[in-house]
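Trainee: what's the 3D shape of this:
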Amino acid sequence: MTTRTLPDHPPDPGDLVEVRSRRWLVEERIEPAASGQSCLLRLSCADDDARGQTLDVYWDYEIDRRILEEEGWKDLAAQDLLRPASP
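Mentor: Numbering: from 1, shown residues only. Below you'll find the predicted structure:
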């Protein structure tokens, strides 16, 4: 059995994360009002079957959270290529 350690810090906007068995782009990180609380992340789905779907999560409470270390994701985030096209 493989164990995976959880990240010791929250991701930054533009990072690609995995939460709830999907890949998400971090669009915004809202710091907690009080020390000891979790930050709130506003996420946009990066998976093809749900691209652009949004999700807000409290990072520290997601049991399967991880920050993906893939090249080029910050460049995609800067260009808004993961957002759905406007009608």
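Trainee: Share the number of residues neighbouring the nearest residue to residue 45 once chain neighbours are set aside, please.
Mentor: Once flanking residues are discounted, residue 45 sits nearest to residue 53: 4.2 Å by Cβ to Cβ, 6 or more residues apart in numbering. (Glycine included, C-beta is placed from N, CA and C.) Using other Cβ atoms under 10 Å, residue 53 is surrounded by 14 other residues.
Trainee: can I assume residue 53 is in contact with residue 46?
Mentor: No. The pair residue 53 / residue 46 is not scored as a contact, 9.8 Å apart, by Cβ atoms under 8 Å.
Trainee: Report the secondary structure state of residue 49.
Mentor: Assigned state for residue 49: helix (three-state reduction, DSSP: H, G, I helix; E, B strand; the rest coil).
Trainee: same thing with residue 36?
Mentor: Here residue 36 takes the coil state, with states given by three-state DSSP.
Trainee: what helices or strands is the lengthiest strand in the chain leaning on?
Mentor: In the chain, ranked by residue count with DSSP state E as the criterion, the top strand is strand 22-30. Using 3 or more Cβ pairs under 8 Å, 6 or more residues apart in numbering; DSSP states H and E, the elements in contact with strand 22-30 are strand 16-19, strand 40-45, helix 73-78.
Trainee: Check the ones you listed for me: which has the lowest mean pLDDT.
Mentor: Mean pLDDT is lowest for helix 73-78 among the helices and strands packed on strand 22-30, at a mean of 57.
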